[in-house]
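**Q** build the 3D model from these lines:
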Amino acid sequence: MMNVCLQCGLYRADKLIDPSGPFAICPECGYRHRFLQLPLLIVSGASGTGKTTVCHALMGQLPSVVLLDADILWRSEFNTPANDHQDFFETWLRMCKNISQSGRPVVLFGAGVGEPDNLEPRVERRYFSAIEYLALVCDEEALADRLKQRPAWRGTHGSDYIEAHQKYNHWFKTHSAGTPSIQLVDTTEATVESSAQQVTEWITERLKRLVALPPNQLENT
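**A** This next block holds a predicted model:
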């Protein structure tokens with residue numbers, strides 16, 4: 001656990017970061033812990049745009065990264081809109097930070113993680129060299145059709161649910177040019193293979209630009 005100081009034993013998530021190492025510096029005793037400060041790659045989008053489908057298509061295909069779906073940690077206790085679901089996002093950043101110490105950046109798939117305001121202000125954000133964002137989008141009719149075709153148990157057939165995710169889909173389109181920017185991939189007419197290829201190309205470009213990986217790893221990405 002990187003948040004526990006190896007010298008004084010205290011738990012502090014808010015360590016000071018010295019990029020020259022990089023080092024995570026304990027605010028209590030000043031111990032300097034060397035760590036890997038890798039980027040975090042986010043693949044997001046409204047429900048129905050293809051996140052889970054693309055994630056499954058890429059499983060086992062990208063040996064230089066670790067692919068994870070944010071939904072696997074969701075529990076009712078994380079449903080705290082009063083504080084913008086802070087614990088959920090901090091937990092995921094802490095998880096990704098520790099996984100990346102293996103030398104492989106994380107690509108995290110999920111809806112809420114695609115909003116920069118949900119990640120950038122968090123305490124655990126400091127441990128990443130960068131967070132890069134990509135969102136899958138589609139037109140409103142296609143999104144509604146996809147949500148209606150899902151099994152009833154998923155609860156996506158209602159008009160309120162569909163309208164909410166159409167608005168969320170529109171949000172990504174209108175906020176893609178913000179800071180930080182969000183790369184868009186339109187899945188309206190795209191096949192699963194085409195969408196997965198576009199996401200793969202985005203991941204590969206980010207890795208080459210942000211991470212000093214061995215050439216053989218990049219070739220296999």
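
**Q** which ones are touching S44?
**A** 51, 109-115, 133-136, 172, 182 (C-beta atoms under 8 Å, 6 or more residues apart in numbering). C-beta: built from backbone N, CA, C; applies to glycine.

**Q** I figured M1 hits N98, correct?
**A** Yes. Taking C-beta atoms under 8 Å as the definition, M1 is a contact partner of N98 at 7.2 Å.

**Q** show me where this protein has strands.
**A** 16-18, 23-25, 32-34, 40-45, 66-69, 106-109, 131-137, 182-186 (DSSP state E).

**Q** dump those strands to JSON lines, plus mean pLDDT and distance to N79.
**A** Output for the strands of the chain, formatted as JSON lines (pLDDT from 0 to 100; distance: least, C-beta to C-beta, whole Å):
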{"stretch": "strand 16-18", "mean pLDDT": "98", "distance to N79": "31"}
{"stretch": "strand 23-25", "mean pLDDT": "97", "distance to N79": "31"}
{"stretch": "strand 32-34", "mean pLDDT": "96", "distance to N79": "34"}
{"stretch": "strand 40-45", "mean pLDDT": "98", "distance to N79": "19"}
{"stretch": "strand 66-69", "mean pLDDT": "98", "distance to N79": "18"}
{"stretch": "strand 106-109", "mean pLDDT": "98", "distance to N79": "19"}
{"stretch": "strand 131-137", "mean pLDDT": "98", "distance to N79": "22"}
{"stretch": "strand 182-186", "mean pLDDT": "98", "distance to N79": "24"}
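
**Q** same list (those) but as TSV, adding distance to S76.
**A** Compiled in TSV, the strands of the chain are given as follows (distance: least, C-beta to C-beta, whole Å):
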stretch	distance to S76
strand 16-18	33
strand 23-25	32
strand 32-34	34
strand 40-45	22
strand 66-69	18
strand 106-109	21
strand 131-137	26
strand 182-186	29
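
**Q** pLDDT averaged over the longest helix along the chain - what is it?
**A** Of all segments of type helix in the chain, defined using DSSP state H, the longest is helix 192-210. Averaged across helix 192-210, the pLDDT comes to 97.

**Q** out of the strands of the chain, flag the one nearest C5.
**A** Closest approach to C5 among the strands of the chain (C-beta to C-beta): strand 32-34, 7.4 Å.

**Q** ok, and what's touching that closest one?
**A** For strand 32-34, contacts defined as C-beta under 8 Å, 6+ apart pick out M2, C5, L6, K15, D18, G21, P22, F23, A24, I25, C26.

**Q** I'd like to know how far the third one sits from E115.
**A** Distance, L6 to E115, using C-beta to C-beta, to the nearest Å: 34 Å.

**Q** so the two - more neighbours on which side?
**A** E115 (20 against 11; other C-beta atoms under 10 Å).

**Q** beta-bridge partners for the residue nearest to that one when sequence neighbours are not counted, please?
**A** For E115, ignoring the flanking residues on the chain, the nearest one in space by C-beta to C-beta, 6 or more residues apart in numbering is S44 at 7.6 Å. On the basis of DSSP bridges, S44 is bridged to A135.

**Q** contacts only, for T52.
**A** Contact analysis of T52 by C-beta under 8 Å, 6+ apart lists D69, D71, F109.

**Q** from these, pick the one nearest E205.
**A** Among these, and counting by C-beta to C-beta, the member closest to E205 is F109, at 17.8 Å.
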